[in-house]
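Student: Give me coordinates for this.
(one chain, ligands or ions: 1)
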Amino acid sequence: MSIHTEIKKVTTETLRKMKQKGEKITMLTAYDFTTAKMVDAGGVDTILVGDSAANVMAGYSTTLPITLDQMIYHAQSVVRGVQRALVIVDLPFGTYQSNPEKALESAIRIMKETDANAIKLEGGAEAADAIKKIVDAGIPVMGHLGLTPQSINQFGGYGLRAKEEAEAEKLIADALLLQAMGCFGVVLEKIPAALAQRVTAQLAIPTIGIGAGVHCDGQVLVYHDMVGMNEGFAPKFLRKYLNLYTEITGAVSTYVKDVKEQNFPSVSESY
Ligand code: KIV
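Tutor: Here you go, the predicted model:
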């Protein structure tokens, strides 16, 4: 039997065992109670309260504006809807980069105020001290390498990262460092599949890929993208399992028509 079907509550230890057994790990984002409940019921192993909430919930063009208070609000809502999945919360931009003490304070606020299971933060060597400080306080940390959206102004775009060998070598060194600092896993975003395969083979901790090919230990997608709510967003790595944008706008226009033509409510829908 797979670990996935046996487990009542997923922990970081569950993910470690899944990697050891070669069982793929699933992750989706969620930012609210109702979605988190559905995603958990669908059997996903981990739910990420991503700072992508800044994009899909608030409409910002980058993840930079979202605050710690806003992330805590989203995480509290998600945790109330989840029974089985491991809930991981992003530390937002500006809450961990300045020094390890500030990073620990931000991580503690998330753990104390939301009842989530772990935090995630972006970066390699430059984030190492912050990661060590948070892990030493007993908080599980997931790393994030490759395309790290909080550095978008430095990258200048959302293109593929680590195409050149020098950046690829740095990414491998960073991944090994994150593991040494105590991370329980690492997200690899938008890097060549062959590089993700090399990193995955060298790490004992699981890699979770987005736009990083099939050889990662697991996969993550943004929920709104995966159910096709985000019209016009169609990067190569994205598989849309539904086309909810069309479904929902269609349902809304039918409702508008029904009300205008006095087809809603009917007698049986009235008291
Ligand atoms: O914020 C987010 O949704 C993420 C995933 C894309 C990994 O960091």
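Student: got a list of what Leu195 touches?
Tutor: Shown in contact with Leu195 (C-beta atoms under 8 Å, 6 or more residues apart in numbering): Ala162, Ala168, Leu171, Ile172, Ala212. In short, each C-beta sits where N, CA and C put it, glycine included.
Student: Can you tell me which of these has the largest number of neighbours?
Tutor: Ala212 (30 neighbours; other C-beta atoms under 10 Å).
Student: Would you agree that residue falls within a strand?
Tutor: No. Counting by DSSP: H, G, I helix; E, B strand; the rest coil, Ala212 is located in no strand; its state is coil.
Student: re the thing from before, which of the contacts of Leu195 sits closest to the ligand?
Tutor: Ala212 (10.3 Å; C-beta to the nearest ligand atom).
Student: Now for that closest one: which residues touch it?
Tutor: Gly146, Leu188, Glu189, Lys190, Ile191, Pro192, Ala193, Leu195, Ala196, Phe237.
Student: about what we covered before: may I see the contacts of Leu195 arranged in CSV, with distance to Ile47, pLDDT and secondary structure as well?
Tutor: Output for the contacts of Leu195, formatted as CSV (distance: C-beta to C-beta, whole Å; pLDDT from 0 to 100; DSSP: H, G, I helix; E, B strand; the rest coil):
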residue, distance to Ile47, pLDDT, secondary structure
Ala162, 27, 98, coil
Ala168, 30, 98, helix
Leu171, 26, 98, helix
Ile172, 28, 98, helix
Ala212, 19, 98, coil
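Student: Greatest separation within these: which pair is it?
Tutor: Ile172 and Ala212 (13.3 Å; C-beta to C-beta).
Student: which parts of this protein sit against the ligand?
Tutor: Thr29, Leu48, Gly50, Asp51, Ser52, Asp90, Val187, Glu189, Ile210, Val220, Val222 (C-beta under 6 Å from any ligand atom).
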